[in-house]
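Novice: structure, please.
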Amino acid sequence: MNKNTSRPSPSQYSSPKDYLLAMIQYRKETEAAFSVVRAAKNLRRVSPALISLIRKGDRRITLDRANELAQLANFNSTERAYFINWIKGQEQGEPEEIKSSRESRIGRRKVVSTHLLSDWINVYVKDLFQ
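Specialist: A predicted model of the protein is given here:
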């Protein structure tokens, strides 16, 4: 075990990707037998190819894989909860744009009055005046 290597802290990093990669690097430096291939072998939703794509920036870390990525990086329970909440925060920020476009479409709908006589499209109102 290298004495100069200290365990990464999530507060030192600006993204969950950087923190995850730092923890994997930390495991490589401190555990002689650690390899991503061996560690990912028992994980269902994580593969060495996925880790490479995350490292390159071609894939994002998603919430459905967060638990297994945390297991791969050997996070303790506090780090795991922080990591998952960090990813949730990032994912909740993105759908806001989608939600606002959906709300703008809904805003174009006709405003319907609850008063019976003010809505002339109502079949019963049309029948009354014929």
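Novice: tell me the spatial nearest neighbour of F34, not counting adjacent residues.
Specialist: Setting aside the residues directly before and after it, F34 is nearest to R27 in space (C-beta to C-beta, 6 or more residues apart in numbering), at 4.7 Å. In this view, the C-beta of every residue, glycine as well, is placed from N, C-alpha and C.
Novice: name the SS class of that neighbour, please.
Specialist: Recorded secondary structure, R27: helix (DSSP: H, G, I helix; E, B strand; the rest coil).
Novice: give me every residue that touches it.
Specialist: Residues near R27 by C-beta atoms under 8 Å, 6 or more residues apart in numbering: 34, 39, 73-74.
Novice: E91 contacts L63, doesn't it?
Specialist: Yes: with contact defined as C-beta atoms under 8 Å, E91 and L63 form a contacting pair (5.8 Å).
Novice: give the residues shared as contacts by those two.
Specialist: Taking C-beta under 8 Å, 6+ apart as the criterion, E91 and L63 do not both touch any residue.
Novice: avg pLDDT for the longest helix belonging to the chain?
Specialist: Longest helix in the chain, counting residues (DSSP state H): helix 77-93. What helix 77-93 shows for mean pLDDT is 92.
Novice: quick check: buried residues in that helix?
Specialist: 79-80, 82-84, 86-87, 90 (16 or more other C-beta atoms under 10 Å).
Novice: in the protein, what helix or strand scores lowest on average pLDDT?
Specialist: Using mean pLDDT, DSSP states H and E, helix 95-106 stands out as the lowest-scoring helix or strand of the chain, at a mean of 53.
Novice: now do stretch 10-18: everything it contacts.
Specialist: Counting by C-beta under 8 Å, 6+ apart, 19, 22, 54, 57, 60-61, 79, 82-83, 86-87, 90 sit against stretch 10-18.
Novice: and that stretch, how far apart are its ends?
Specialist: 9 Å (C-alpha to C-alpha, to the nearest Å).
Novice: mind listing what's buried along that stretch?
Specialist: 10, 13, 16-17.
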